[in-house]
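1. Pasted the sequence and its predicted model underneath.
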Amino acid sequence: MKHTKTQSLRTITLSFLLFSGLFSIRAQNQTIPLWNKIPDEIKATDYKEKEILKDGKLQSTSQVSVPTLSIFIPKEVKPNQTAVVICPGGGYTHLAFEKEGTKVAEWFNSIGIAAFVLKYRMPTDLTMKNKSVGPLQDAQEAIRYVRQNVAKWNIDPNKIGILGFSAGGHLASTASTHYDDKVYESAYKVSARPDFSLLIYPVISMENEITHKGSQTNLLGNNPSKELIDSFSNEKKVTSKTPPTLLIHATDDTVVIPENSINYYLALKKNGVSAEMHVYEKGGHGFGLGVADTSKFWTRDCEEWLKSNGYN
């Protein structure tokens, strides 16, 4: 009888532990508001987010005025995990949320890395006092939020990176070069500097010759001053303290030309910052996790880079 009771107790305990474990894993994959109070916000009742859903999943979204973080934690929690904040692209007018957000977060989880997809605000004079720094406020706060809460997810505070696609790559490179810019009052006392940057077919420059014109107009306005263009041409803002960077581009990208990545790489090299760049022959623009052409290998190259730099 005693033996049966012990067995039953063990079964109950095991079931409870399994249930708690599953619950904690599922509970961690959640979406939270980024701010308690959005900085420099202008209330615009007729400016509403426009979501495109498929089978209940968010595919893309535009007119974002309330930023969120979607949290993806690997099933097997290891000590001192690496984390990546993901900035989807969309020309600073919409966000390719599934292709360049959710799917990428799931891939990171599959290689044991925590991921946080940032739904950042679209720059507009309708909802923000200074639209050129609105997205940067969100990116800085996302990095600070993750760093502030490392204990919750067993994350190493010195292994928090940022990844950006296309215009999200411009935001990620801005966060990587303007992390000391005080663009709002943060409740957190931790640094907003990413420990590494992964820039995938990124817009880097706001210079007319090589920028993506739509991103430039949406972020800086129709006739930006030379000072504003220079400030957000991130190849000009690289220093020896800029985070180590992996750059991915395709030669045949005509939307955001590879000179964006090339010039950033050269600035990193000049400043003695660890950098690696892959410019694939084919892939065009917007290939997400990869397409049939040569760009399909970038995730493998990314995983190797993360391993060789001690992030995985």
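-> On my side now, so go ahead.
2. How about the contacts made by the spatially closest residue to T174 that is not a sequence neighbour?
-> Among residues not flanking T174 along the chain, L136 sits closest, at 5.4 Å (C-beta to C-beta, 6 or more residues apart in numbering). Where you see a C-beta, it was placed from the backbone N, CA and C, and this is true even at glycine. By C-beta atoms under 8 Å, 6 or more residues apart in numbering, the contact set of L136 is L171, T174, A175, H178, D181, V183.
3. Take those and write them to CSV, including distance to P194 and pLDDT.
-> Below are those laid out as CSV (distance: C-beta to C-beta, whole Å; pLDDT from 0 to 100):
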residue, distance to P194, pLDDT
L171, 11, 98
T174, 11, 98
A175, 6, 98
H178, 11, 98
D181, 14, 95
V183, 16, 96
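4. Can you tell me which of the residues you listed end up in helices?
-> Using DSSP state H, L171, T174, A175 are the members of the contacts of L136 that sit in helices.
5. re the thing from before, can you pull the phi/psi pair for the residue nearest to T174?
-> The phi/psi pair for L136 (degrees, to the nearest 10) reads phi -60, psi -40.
6. on that earlier part again, tabulate the ones in helices among the contacts of L136 (a markdown table), appending neighbour count and distance to D253.
-> Converted to a markdown table, the ones in helices among the contacts of L136 look like this (neighbours: other C-beta atoms under 10 Å; distance: C-beta to C-beta, whole Å):
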| residue | neighbour count | distance to D253 |
| --- | --- | --- |
| L171 | 29 | 18 |
| T174 | 27 | 20 |
| A175 | 28 | 22 |
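7. Closest to D156 out of those?
-> Nearest to D156, judged by C-beta to C-beta, of the ones in helices among the contacts of L136 is A175 at 18.7 Å.
8. just checking, that closest one touches F196?
-> No. Applying C-beta atoms under 8 Å, one finds A175 not in contact with F196, separated by 11.7 Å.
9. which residues are common contacts for the two?
-> In contact with both A175 and F196: I162, using C-beta under 8 Å, 6+ apart.
10. Stretch 256-275: end-to-end distance?
-> 20 Å (C-alpha to C-alpha, to the nearest Å).
11. Please apply the same query to stretch 123-137.
-> End-to-end for stretch 123-137, by C-alpha to C-alpha: 11 Å.
12. ditto for stretch 194-203
-> 18 Å.
13. Any buried residues in stretch 281-298, and which?
-> G283, G284, H285, G286, F287, G288, L289, G290, T294, S295, W298 (16 or more other C-beta atoms under 10 Å).
14. mind listing what's buried in stretch 233-250?
-> 233-238, 242-250.
15. hey, where'd the helices end up in the protein?
-> Using DSSP H, helices in the chain cover 2-28, 103-110, 134-148, 150-153, 167-177, 213-220, 226-231, 259-270, 298-308.
16. Reformat the ones you listed into JSON lines and put distance to F116 next to each item.
-> Output for those, formatted as JSON lines (distance: least, C-beta to C-beta, whole Å):
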{"stretch": "helix 2-28", "distance to F116": "11"}
{"stretch": "helix 103-110", "distance to F116": "8"}
{"stretch": "helix 134-148", "distance to F116": "6"}
{"stretch": "helix 150-153", "distance to F116": "10"}
{"stretch": "helix 167-177", "distance to F116": "13"}
{"stretch": "helix 213-220", "distance to F116": "22"}
{"stretch": "helix 226-231", "distance to F116": "26"}
{"stretch": "helix 259-270", "distance to F116": "23"}
{"stretch": "helix 298-308", "distance to F116": "16"}
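17. out of these, nearest to R121?
-> Nearest to R121 among the helices of the chain is helix 134-148 (5.0 Å), distances taken as C-beta to C-beta.
18. That closest one vs helix 167-177, what angle?
-> Here helix 134-148 runs at an angle of 60 degrees relative to helix 167-177 (axes from the mean of the first three to the mean of the last three C-alpha atoms, to 10 degrees).
19. buried ones in helix 134-148?
-> So, applying 16+ other C-beta under 10 Å, buried residues of helix 134-148: 134-148.
20. Of the buried residues of stretch 281-298, which belong to strands?
-> Judged by DSSP state E, strands contain none of the buried residues of stretch 281-298.
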